[in-house]
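K.L.:
need a structure here:
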Amino acid sequence: MGPDITLKELAAEDLPAVKQIYDWYVLHSTATFHTEPVTTDELKEFIYIGHPRFKSWLIHNQGQPAGYCYLTNYKKRQAYDKTAELTIYLAHDCYVKGIGQTALTQLEAHAREAGFKNLLAIISGDNDRSIHFFEKNGYVKCAHFKNVGEKFGKVLDVVGYQKEI
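P.N.:
Numbers count the residues shown, from 1 in each chain. Model (predicted):
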């Protein structure tokens with residue numbers, strides 16, 4: 001990790017910072033398919049705090065919240081126990097070189113330690129920045145769902161990227 005980039009395991013008191021970052025994407029982008037700001041209780045439905053396998057972190061750059069990342073269930077069925085979905089959101093005004101890479105390195109290291117064999121990134125089909133980032137890091141496209149979402153009057157695809165670790 002760079003000297004200015006740190007990750008801290010997410011705690012309940014960090015949820016307002018996560019909400020602020022996420023709500024920007026809800027209101028201004030197609031990176032998420034939520035169309036209305038979420039509550040902190042709704043965040044807890046997909047971002048786990050204190051879970052032994054599905055960890056989450058708040059990302060700081062120079063001591064300020066710069067994003068968050070987490071692992072979550074791909075599906076809540078036992079046969080998927082070796083697979084996790086990963087998510088990284090950076091503050092919309094904080095694309096400092098190395099933050100996403102630092103977060104991904106942390107996520108993959110924890111996933112290996114927790115016994116996961118497959119990581120999935122589920123991405124809006126028009127999110128070229130995320131698609132390029134995951135491809136650059138060894139993730140391969142494994143799914144393409146056409147016209148499954150609609151936001152801001154735009155019909156959207158969803159793509160899945162996978163990395164076996």
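
K.L.:
how near is residue 110 to residue 143?
P.N.:
Residue 110 sits 24 Å away from residue 143, going by C-beta to C-beta, to the nearest Å. To be clear about C-beta, it is placed using only N, CA and C from the backbone, and glycine gets the same treatment.

K.L.:
of these two, which one has the most company?
P.N.:
With neighbours defined as other C-beta atoms under 10 Å, residue 110 and residue 143 compare such that residue 110 has more, 19 against 11.

K.L.:
with adjacent residues omitted, what lies nearest to that one?
P.N.:
Nearest residue to residue 110, sequence neighbours excluded (C-beta to C-beta, 6 or more residues apart in numbering): residue 55, at 5.4 Å.

K.L.:
and for the helix or strand harbouring residue 84, what's in contact with it?
P.N.:
Taking DSSP states H and E as the definition, one finds residue 84 inside strand 83-90. Contact with strand 83-90 is made by 21-22, 25, 31, 53-54, 59, 66-74, 99-100, 103-104, 107, 111, 114, 116-122, as judged by C-beta atoms under 8 Å, 6 or more residues apart in numbering.

K.L.:
kindly format the C-alpha coordinates of the helix or strand just after it as PDB.
P.N.:
Using DSSP H and E, the helix or strand that follows strand 83-90 towards the C-terminus is helix 99-113. Only the C-alpha atoms of helix 99-113 are listed here, as PDB (Å, rounded to 0.1, in the frame of the first residue of the first chain):
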ATOM      1  CA  ILE A  99      -6.400   3.300  -4.700                       C
ATOM      2  CA  GLY A 100      -8.400   0.700  -6.700                       C
ATOM      3  CA  GLN A 101      -5.400  -1.500  -7.100                       C
ATOM      4  CA  THR A 102      -4.700  -1.300  -3.300                       C
ATOM      5  CA  ALA A 103      -8.300  -2.200  -2.600                       C
ATOM      6  CA  LEU A 104      -8.300  -5.100  -5.100                       C
ATOM      7  CA  THR A 105      -5.100  -6.500  -3.600                       C
ATOM      8  CA  GLN A 106      -6.600  -6.500  -0.100                       C
ATOM      9  CA  LEU A 107      -9.900  -8.100  -1.300                       C
ATOM     10  CA  GLU A 108      -8.100 -10.900  -3.200                       C
ATOM     11  CA  ALA A 109      -5.700 -11.600  -0.300                       C
ATOM     12  CA  HIS A 110      -8.500 -11.900   2.200                       C
ATOM     13  CA  ALA A 111     -10.600 -14.000  -0.300                       C
ATOM     14  CA  ARG A 112      -7.700 -16.500  -0.500                       C
ATOM     15  CA  GLU A 113      -7.300 -16.600   3.300                       C
END
